[in-house]
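>>> heads up, no residue letters with this:
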């Protein structure tokens, strides 16, 4: 019949077109924004009109050329508000598009709002929208408590509290910098110091919350349509539904917004899409793929100085605390004790009245356990121990809890001793994601056990989404679920959401998006990942343990977590690194001398605990993972880190000098020179060393070469090239250099300038291709004998590098003791004057007559071995590695160690050892490493394989300060604590017990009326060892304690040797690479 | 109060922050109910307070979410008229033949015409598909409820003990209850009444003996009330239990971690612990330690973790713990023994004989009034972004984004 005839054919929708169409609906730009949803985002809006919205501004004085980080540039809130109340400040009326600046200055705004009557009566949520494209914070003038922050762009809204009269008054403190500083062109370029920030918005808004909610609904639906797999019905339904919504939407009828929402909620979401209860719905048996944790990574300095970070902290965290009041499921983590300390100093009201309650209510969590999110490559072992010591003690003191998780998402590689140091500090879990940045090999695990060189393990998770700044997009959740590399063992992953690096943290939008994503999962099943928000990081790790047989089922990664990227950071900012090494040594010496003095003179000498702790805080601060590695802007080094470290050295020296003076006043005995290493013996103070029983040094000149000799070594220096062509063992005739079989056929102490133009990230990276793009520095300007005495002979070599830049290198050989079985070392002191290169990398090479598959590099409290070949891509990736005081390349019968006093980059391949000296990146610091540098290093050839000789020699090369003490006191110093037994056991540090009440430490948690010293010992080469701690102290008890000096592992007993100065001997046993701390009570 | 009607009455209950009232409708036609509600509002809503309308007691308790789309015409009407939350049960819908119509009917009507079947009920036209959608959503809600109920049943063998009936022949009880005027106070009543009942049992049912005992402690301050609890605890320790194992309570687990005290509060009461309370603990000799509990409530069967630092120099035994609401009223109290698990109950603070002599009778005397433990906890609406659905265009946009909500009677 005719009823069966239909003249209405249908076409099959073209998926790509229908999918692309979805973007139109919420696109705020483009041709159709006023015909789509954005039209309805606001019900009403009033821009700065000087009637309903009034804004005044006051510019804090900023003299160009002066230090941008001095305190007057960032006056306290209290001072500004009080001065304004007194009428002392000239606030002027502000206008839209008015510029404020320049970069790094501070502008204060006063805002007065009078809401229209109908707005107030509506009783609806009303907003103040502010966009000055710089960073700002809203401050309540009565309480001085901040409410929320602005960052320009993604964070512009302040939800106005309800008032009966619609009146509002508040201040905004604005820092004239963006979230990522003031980079010119690119964020990681050097800053533009003349940038101004324009006031784009100062509006009051009556938002249409339904339209805004539909925006979130539709955004997530659209993402599902775009990102779900093609074989899922959920993807197709999302696309079709999105199109249906667009068909239903009427730009002339606001009520159509609701119809659209109703359609979406009926077809694709569950009923709880806007509630925290959404996370309680769904099938509980179904695996949760993704756990969301809010965080806000604040680099303690990077493209902005420390001074600005202090403001970023309160901006970021106040916004988060406000968000916590609105989202019960929201949990947020923050790390770095230093940042909490700054907050306490700058904003005690906020700290005590807002932050502490949020911690108490389990919404804000202090994690990490370290003082800052530190670099782990370069700091000394003791520094890393103190990162945890001060970090955990600060957390315990102020928050009652130490962190169980080492939180370090953004650091450039992880030392092989970190697992042990964490374990010693009460931490057994670790989080990072940085290895996802590897540019050669993909790290194979998401969840695994990381074993350090001593065998200590950390349960480790690397968020599969490969970021700590997820925006909680649908794609972020999907990636976290799909990119898990260990699904066989643990198929869930953490998603760390929240704006970061420059601070910020999660936004309301992120929390809303996550609710929608979970709602979609509740309704449509697990093609959409099941996302859970509301658990803590601790609970997440507990879940791993629960589901992996307490972690036993997880794969293990042994040794360092080498970061295959940012290898230039071992060398960039040479001055800071040199000062860091010096600061660490000076602090070691200060604690050594002060602890011993306080033991000997408890009544008349006060251990300078507070000063020592302050100095440590500054050193630890400068170990932040952009400062010490060298990836900050110039301002950080020029005005903050370098002066800070200079001050540490100066203060340490001053405190040591005072202590030495005190000791000298206690005895009239002759003075002896003391070094701070346990194996060093007091030396007579004399103008000239006695050469009795020593081989003297000599120098002999020939036409083409100069020979230095000292009875143990013979060193030949070529006059033509200025390099060392031969180093031989004078006794055995063994040659240690090899100029025949490798690519360096010239000799040792050969300077090489590499081209250094990485793909990006100049200060961070040096690239693989640079290894083969180099020029040897030859043709010395001068080669001459500079010293020729019995004690020392030396040859000076000078190279002209550029018009201004020259390298002066002094190669010397000292007289040596006949009785000393070990060989001598060749000392080299190199001065690079006016280094002015652009994107060049200066290294010095040593072609050695050694063959082995692995070289050893000193790391914190031990050594790390790396390949000397390029067998696999994993081996290739380690073309530049980090080391500390020495690198050693040994075969069975002999070896060569290269010692240094301030360098960290190294490589050993084939027969070539290379010490990295200086780089010259131009971003983010345009003047990085320019200027003059003095570098000391030494070649130590040795018979047999790597031994404690190298370890001790490297210590002596660095801990070279001598202190003049009365002889009797010097002897007593030695007796207070010493170590004997296996030579590979090193007594590295001595300090007073932090909880001794007499010490009055500001980090004491449980002061007790006891006297103690804490001694740190480690096994340096990787073998079980036995030793004895020896002391003449009248011992009450001895405890083996953790790094925090809190947990007692076991009590030890001493045997008293009355025949020998009444020495107490405490036998100790250490496993390979063990770090052990002993607390001796007297 | 009652509105005069001609024939059979259909009762509805109204509760606001001051009182509970009943009104009756002559039939269940939507327009009639609207008329009744209008009259009620005109006559009694002088303070512009928020109201909750809910079904008669004893019916299954289904909440129609105000911020989702399962919200019928009646709800829309109520919501537009006054700011309130709507609670109405499926049973009520059926019993009173009360039909609801989804706000998206127009859309539905445009859908497949072949499945369109119109059901004619009174004066409300409703498509079959619309009804199906509503039913589906109701069943989701019912599923949640029965899940919750099952959990209750699993945890408690004697469900009946969670209910208390106030008989009309006990005027002293009615007087006692009539003293309370705020919903928060009403929350305490339930606990208070149980203690009263137990005390009465202790005194062998002899009210005079009990009153005499109470008079000795009148007027009873907060501290004395705590003392009273302590006595109760002592009796408990002696094996003379004042409460049954099924008494609703706030269960607190305490542990030490590093330098902190860690409290996990499990809400096993029948009420939602409101937001902005303070958790306090103190010994008789030492200062009061307190933790602000934050703005978020603890839902029924919900939990909250609190930390206090630094930890106390002495163990927590013999400390009194309290939950104090933002008005300064103690709503839960308990005492630590040696165990690290503590139960907090409603205090006796208001339980003085003075209260028997004032106040006036009101609807709490309803003998059918049952305190129910199986209500759904409500979503925390503090972060709900959009306005509640009104179902039709509202030109005035007069709905607030959040609704401050007193407890439903079922939740109490």
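Happy to help now that I have it. Note that the structure is a prediction, hence the values are computed from the model and not measured.

>>> taking chain B, what residue is nearest to chain A?
Relative to chain A, the nearest point of chain B is residue B:309 (2.3 Å; Cβ to the nearest Cβ). (C-beta placed from N, C-alpha, C; glycine too.)

>>> in the stretch 251-400 of chain B, where is pLDDT below threshold?
Within the stretch 251-400 of chain B, the stretches with pLDDT under 70 are B:348-400.

>>> now the strands for it?
For the stretch 251-400 of chain B, strands defined by DSSP state E, counting those that start in this stretch occupy the ranges B:260-267, B:278-282, B:288-292, B:303-308, B:320-324, B:330-335, B:341-344.

>>> which strand in chain A has the most residues?
Assignment by DSSP state E gives strand A:931-943 as the longest strand of chain A.

>>> return the distance of the next helix or strand after it from the chain's centre.
Using DSSP states H and E, the helix or strand that follows strand A:931-943 towards the C-terminus is helix A:948-958. Relative to the centre of its chain, helix A:948-958 is centred 28 Å away, using Cα atoms, centre = their mean, to the nearest Å.

>>> what comes up buried for the following helix or strand past helix A:948-958?
Remark: after helix A:948-958, the chain's next helix or strand is strand A:963-966, criterion DSSP H and E. Neighbour counts over strand A:963-966 (16 or more other Cβ atoms under 10 Å in any protein chain shown) mark A:963, A:965, A:966 as buried.

>>> now these as CSV including distance to residue A:308?
Listed next are these as CSV, based on distance: Cβ to Cβ, whole Å:
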residue, distance to residue A:308
A:963, 40
A:965, 45
A:966, 49
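
>>> ok so, going back, these two touch, right, the residue of chain B closest to chain A and residue A:399?
Yes. Using Cβ atoms under 8 Å, residue B:309 is in contact with residue A:399, at 6.1 Å.

>>> where's residue A:476, which helix or strand?
helix A:474-482.

>>> then residue A:916?
strand A:912-918.

>>> before we move on, back to that, between the buried residues of strand A:963-966, which is closest to chain B?
The closest of those to chain B turns out to be residue A:963 (Cβ to the nearest Cβ; 38.7 Å).

>>> give me the number of residues near the closest residue to residue A:300 other than its chain neighbours?
Spatial nearest neighbour of residue A:300, chain neighbours left out: residue A:624 (4.3 Å); criterion: Cβ to Cβ, 6 or more residues apart in numbering or on different chains. Look at residue A:624: counted by other Cβ atoms under 10 Å in any protein chain shown, it has 27 neighbours.

>>> quick one: residue A:624 from residue A:366, how far?
Distance, residue A:624 to residue A:366, by Cβ to Cβ, to the nearest Å: 17 Å.

>>> now do the phi/psi pair for the nearest residue to residue A:685 once chain neighbours are set aside.
Leaving aside its sequence neighbours, residue A:685 sits nearest to residue A:671 (Cβ to Cβ, 6+ apart; 5.1 Å). Here is the backbone geometry of residue A:671 (degrees, to the nearest 10): phi -90, psi 140.

>>> returning to what we had before: right, and the helix or strand after the helix holding residue A:476?
Using DSSP H and E, the helix or strand that follows helix A:474-482 in sequence is strand A:493-497.

>>> tell me what that following strand is packed against?
strand A:290-295, helix A:474-482 (3 or more Cβ pairs under 8 Å, 6 or more residues apart in numbering or on different chains; DSSP states H and E).

>>> in the last one, which residues are buried?
It stands for helix A:474-482. In helix A:474-482, counting by 16+ other Cβ under 10 Å, buried: A:474, A:476, A:477, A:478, A:479, A:480, A:481, A:482.

>>> what number of residues lie near the residue nearest to the second one when sequence neighbours are not counted?
Put plainly, it is residue A:476. Distances taken as Cβ to Cβ, 6+ apart place residue A:470 nearest to residue A:476, at 4.0 Å, with adjacent residues excluded. Residue A:470 is flanked by 28 other residues according to other Cβ under 10 Å.

>>> so who does residue A:470 touch?
Contacts for residue A:470 (Cβ atoms under 8 Å, 6 or more residues apart in numbering or on different chains) come out as A:476, A:480, A:495, A:496, A:497, A:498.

>>> do you know how far it is from residue A:212?
Separation of residue A:470 from residue A:212 (Cβ to Cβ): 21 Å.

>>> correct me, but residue A:1079 touches residue A:991?
No. Using Cβ under 8 Å as the test, residue A:1079 is too far from residue A:991 to be in contact (10.1 Å).

>>> in what helix or strand does the nearest residue to residue A:770 once chain neighbours are set aside lie?
Distances taken as Cβ to Cβ, 6+ apart place residue A:754 nearest to residue A:770, at 5.0 Å, with adjacent residues excluded. Counting by DSSP H and E, the element that carries residue A:754 is strand A:750-755.

>>> for stretch A:1059-1072, measure first residue to last.
Length of stretch A:1059-1072, first residue to last, Cα to Cα, to the nearest Å: 33 Å.

>>> got the contact list for it?
By Cβ under 8 Å, 6+ apart, the list of residues contacting stretch A:1059-1072 from outside reads A:453-455, A:975, A:985, A:1017-1019, A:1022-1033, A:1035, A:1038, A:1052-1057, A:1076, A:1078, A:1080.
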